[in-house]
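Asker: Curious how this folds, go ahead:
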Amino acid sequence: MVNGNRIGNNGQIQLWQFLLELLTSREYKTLIHWQGDDGEFKLSKPELVAQLWGERKNKPTMNYEKLSRALRYYYDGDMISKVQGKRFVYKFVCDLKQLIGYSALELTRLVNTGNPL
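Answerer: The predicted model follows:
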């Protein structure tokens with residue numbers, strides 16, 4: 001879903017892109033999944049998500065503490081926020097439809113049914 005032509009920073013994938021990649025793949029539904037249809041998602045197995053991120057970035061010591069620190073950099077912007085009162089739950093606050101061509105609702109449906117409509 002998140003394809004190569006959306007990668008910036010000299011070909012380096014950004015964390016938000018990586019999370020979308022996992023969220024749009026049924027293979028990773030036990031690790032990370034959408035909650036509802038408004039862009040909320042939960043890291044069901046945060047340490048495993050962090051390990052995958054570390055593998056992608058060639059950082060073998062990556063753990064959830066470091067991953068969550070990286071996520072906090074997005075809080076001041078308009079990409080991802082932490083959902084208060086919910087552990088390991090975050091929300092894409094950006095306009096995903098404009099950014100990647102699918103809304104959060106469409107992405108949820110795509111993963112759950114294989115059809116965004």
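Asker: thought residue 20 was touching residue 101?
Answerer: No. Using CB atoms under 8 Å, residue 20 is not in contact with residue 101; the gap is 11.6 Å. Glycine gets a C-beta too; all of them are placed from N, C-alpha and C.
Asker: Please enumerate the helices of the chain.
Answerer: 15-23, 46-57, 64-72, 96-100, 104-113 (DSSP state H).
Asker: Point out the other helices and strands that the first one packs with.
Answerer: The helices and strands touching helix 15-23, judged by 3 or more CB pairs under 8 Å, 6 or more residues apart in numbering; DSSP states H and E, are strand 32-35, helix 46-57, helix 64-72, helix 104-113.
Asker: thinking again about what came up before, please render the helices of the chain as JSON lines that adds distance to residue 86 to the earlier fields.
Answerer: Below are the helices of the chain laid out as JSON lines (distance: least, CB to CB, whole Å):
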{"stretch": "helix 15-23", "distance to residue 86": "16"}
{"stretch": "helix 46-57", "distance to residue 86": "13"}
{"stretch": "helix 64-72", "distance to residue 86": "14"}
{"stretch": "helix 96-100", "distance to residue 86": "20"}
{"stretch": "helix 104-113", "distance to residue 86": "16"}
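Asker: what about those helices, which gets the closest to residue 40?
Answerer: Evaluated with CB to CB, these place helix 104-113 nearest to residue 40, the distance being 8.0 Å.
Asker: could you say what helices and strands the closest one packs with?
Answerer: Using 3+ CB pairs under 8 Å, 6+ apart, helix 104-113 is in contact with helix 15-23, strand 32-35, helix 96-100.
Asker: quick one: contacts for the residue nearest to the spatial centre of the chain?
Answerer: The residue lying closest to the centre of the chain (CA atoms, centre = their mean) is residue 19, at 2.3 Å. Residue 19 makes contact with 32, 41, 49, 80 under the criterion CB atoms under 8 Å, 6 or more residues apart in numbering.
Asker: For the helix or strand of the chain with the lowest mean pLDDT, which residues meet the burial criterion?
Answerer: Using mean pLDDT, DSSP states H and E, the weakest-scoring helix or strand in the chain turns out to be helix 104-113, at a mean of 88. For helix 104-113, a neighbour-count test (16 or more other CB atoms under 10 Å) marks 104, 105, 106, 107, 108, 109, 110, 111 as buried.
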